[in-house]
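Chemist: Could you look at this predicted model? Sequence included:
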Amino acid sequence: MKLSVKIEPRLETSRKLGIAIPVFSLASALLSGAVFLFFMGVSPLQAYSTILRSSLGDAYGLSETIVKAIPLAMAAIAVMLSFTMLIWNIGAEGQIFMGAMATAAAVRYLFVDNHAVMFLIMFTAAGIAGGVWGAVAGYLRARWSVNEIITTLMLNYVAMNLLNYFVYGPWRDPASLGFPMTAPFPDAARLPSFWNTRIHAGLFLALLLPLVFWIVLRFTRWGYEIRVMGENPKAAGFAGMSYLKNVVLVMFLSGAIAGIAGMCELSGLQGRLQHGFSGGYGYTAIIVAWLARLHPIAILLVSFLMGILLVGGETLQIVMRLPLSSMLVLQGLILFFVLGGEFFRKFRIRIFFRGVPNPQPTISEKEGN
Amino acid sequence: MEILIPILTAAVRSGTPILYATLGEIVTEKGGILNLGLEGIMLLGAYAGFAVSYSTGNPWLGIAAAFLVGTILGLIHAFICVSLKGNQVVSGLAMTMFGTGASSLLGRNFIGFTIPGLNRIPVPFLSEIPFIGPVLFNHDALIYCSYGLVLFLCWFFTSTRSGLYLRATGDNPRAADAMGISVAKTRYFYTMVGAGIVAVGGAYMSVAYTKMWAEHMTAGRGWIAVALVIFAIWNPARAALGAYLFGGVEAFQLRLQAAGTTIPAPILMMLPYLMTIGVLLFISIKKGKGILFGAPASLGLPFYREERD
């Protein structure tokens, strides 16, 4: 008797499997996260119930989860766009920073005491700043094949330091008692918020953008081109699609959306620019996009799920004194298991028994003859 | 010339963690596996190195522990990339997140502690050579090990059978497979060893460089190392050159800050990152003109043994 395992490619994945695999991946990630927490001397049961209670337990928690999901969904749409083209924009974090800085600059130097006009100014400034930040990496990639993963990441650090320069230096509010932050924005530069919660008008953008890009990617000629270039750049080239133009365009759009996410976060929520204002949304967005399998509508759902984790993480920091970045452990594990799950989507594992030991010669023996 | 000695000495010291990380990544990439998780591996290495040095009092045990932690992380990456044929970029990102989070969770009780760490051991005779002596031979033993590692890897890649098999696996896994080399085993082994070396680079940060533990203490050095591999065109000797160049920029920047320059600190702190982009751009433009080439041909591609081309 011999146990034999055979791995076969699947020709297609059933719908049931398509849903079961991510759910199972997520569950395994949470389970191994629990094991990890347990060995850290942290009660996983307490940690997970704290996460759930603080994020979904009451209306306030739910609203906070949505507040976190807003920038996540926008940033995830941003990275999804570039990932669709197989351009790895890891720089959403830096692009968010740039958008936020442009917003603060607009408030400081171009202030108009009118909600609508001010919104348009901030929106444009943030979009251009984030977009240029992305397009630079896109141009370097398309023109000289400079690795965009590294350039976008390095630009994150540059943007972070630039932000520090402004909030520690020229833009620091003299009334902030030495804290690295700008003065609070005037009312006209704030997005309205609703229902007595911190949920702000950025919500509409976060709901609208996935819808727009779902339609664009699925039903327009340009969306089709982007998808072809992701799957087969060579074929796209033969069909006369310009790689350079599209990479720069996609990276500009990607950066612009991330920048606008930064603007919403600033003008809708925080009301001033300060040191370390984005809690790693740009990085978490990568997981969101990947977990949603780059599907714009699924991104909305996954952003909400990640929002739960982020709100829970902040509560854990206060209640159980865990560092905020320990939520990264869970995020990393989720990504690992989702990757592992991909394997079962593409392959089928068959285990069967054989009566007699396998008499077939191995490949190398065959070639030796 | 005398003025340069302290800066160059500091360049070697602050370049060493990046050098280890770059060498580790070269070992991994030669086999065709791209590991973008260096930042996370370095951080967990830094934590393991510090925690074990602190509790045993022996820095070398700490460094061994870091190597071990690195190989385990390499095993995870290899399992996802080789056995499950997962996306190597995403697996590396997951590793970075996991390592960053896990190290701050694990290290939360070690913040603020210091250890004696590695001592400086001047090499007899060599350290007395003018200029070269103080710059290269007046350091701790882990720096001397890194010189040895550079030389060893240069020899290993070009002049040994195992090195040839490794390169064959990274360049043309199908040919390697036909030669009877197990592509999967080779990739597993060198991904693990490479990640181990990367983790030693992280441990250098905590055990020899700062002698303490801090969250996110590597501050992007792992990513700089990924860029340096390209700068080095997968050549260990050029990796040393690149790492010391970056160490030099960092040392220079710190010295300017200490000297009380009027340039604000955040602007100076951008320098290494901007330089990484500059260096990468320079190399890519040159490569475009066909002067340089060295990337393993199958880097980042999973190998399906059953498929025929």
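Modeler: Cool, the structure landed.

Chemist: shaky segments in the chain?
Modeler: All of this is about chain A. Within chain A, the stretches with pLDDT under 70 are A:1-3, A:11, A:13, A:353-369.

Chemist: Let me rephrase: I mean chain B.
Modeler: Under the criterion pLDDT under 70, the flagged ranges of chain B are B:1, B:288-294, B:306-309.

Chemist: And the lengthiest helix in it, what does it pack against?
Modeler: Longest helix in chain B by number of residues, with DSSP state H as the criterion: helix B:4-30. Other helices and strands packing on helix B:4-30, by 3 or more C-beta pairs under 8 Å, 6 or more residues apart in numbering or on different chains; DSSP states H and E, are helix B:38-56, helix B:132-136, strand B:138-140, helix B:141-159, helix B:161-171, helix B:183-204, helix B:221-231, helix B:236-258. In this view, the C-beta of every residue, glycine as well, is placed from N, C-alpha and C.

Chemist: Show me which residues of the stretch 201-350 of chain A sit near chain B.
Modeler: Within the stretch 201-350 of chain A, the positions lying close to chain B (C-beta under 8 Å from any C-beta of the partner chain) are A:283, A:286-287, A:290, A:321-323, A:325-333, A:335-336, A:339-340, A:342-343, A:346.

Chemist: pretty sure residue A:322 contacts residue B:105?
Modeler: Yes: using C-beta atoms under 8 Å, residue A:322 makes contact with residue B:105 at a distance of 6.5 Å.

Chemist: ok, now which ones touch residue B:110?
Modeler: Residues near residue B:110 by C-beta atoms under 8 Å, 6 or more residues apart in numbering or on different chains: B:47, B:50, B:51, B:54, B:213.

Chemist: Most neighbours of all those, which one?
Modeler: Across these, the neighbour count under other C-beta atoms under 10 Å in any protein chain shown reaches its highest value at residue B:50, namely 32 neighbours.

Chemist: ok, that one to chain A distance?
Modeler: Relative to chain A, residue B:50 is positioned 16 Å away (criterion: C-beta to the nearest C-beta, to the nearest Å).

Chemist: From what I see, that residue and residue B:213 are in contact.
Modeler: Yes: using C-beta under 8 Å, residue B:50 makes contact with residue B:213 at a distance of 4.3 Å.

Chemist: Give the intersection of the neighbour lists for the two.
Modeler: Shared contacts of residue B:50 and residue B:213, counting by C-beta under 8 Å, 6+ apart, come down to B:107, B:110, B:206.

Chemist: contacting residues around the first one?
Modeler: The one in question is residue B:107. Contacts for residue B:107 (C-beta under 8 Å, 6+ apart) come out as B:47, B:50, B:51, B:213, B:215.

Chemist: Just name the closest of those to residue A:49, please.
Modeler: Sorting the contacts of residue B:107 by distance to residue A:49 puts residue B:215 at the head of the list, at 26.2 Å, by C-beta to C-beta.

Chemist: now the helices for the stretch 201-350 of chain A?
Modeler: A:202-219, A:221-231, A:233-238, A:243-264, A:281-291, A:296-319, A:327-346 (DSSP state H, counting those that start in this stretch).

Chemist: need those helices in CSV with mean neighbour count, can you?
Modeler: Rendered in CSV, the data for the helices of the stretch 201-350 of chain A read as follows (neighbours: other C-beta atoms under 10 Å in any protein chain shown):
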stretch, mean neighbour count
helix A:202-219, 17
helix A:221-231, 16
helix A:233-238, 13
helix A:243-264, 26
helix A:281-291, 27
helix A:296-319, 21
helix A:327-346, 23
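
Chemist: Adding distance to residue B:183, write these out as CSV.
Modeler: Supplementary listing: the helices of the stretch 201-350 of chain A in CSV, determined by distance: least, C-beta to C-beta, whole Å:
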stretch, distance to residue B:183
helix A:202-219, 36
helix A:221-231, 26
helix A:233-238, 25
helix A:243-264, 31
helix A:281-291, 26
helix A:296-319, 35
helix A:327-346, 17
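
Chemist: Between those helices, which one is closest to residue B:24.
Modeler: The closest approach between residue B:24 and any of the helices of the stretch 201-350 of chain A, judged by C-beta to C-beta, belongs to helix A:327-346 at 19.5 Å.
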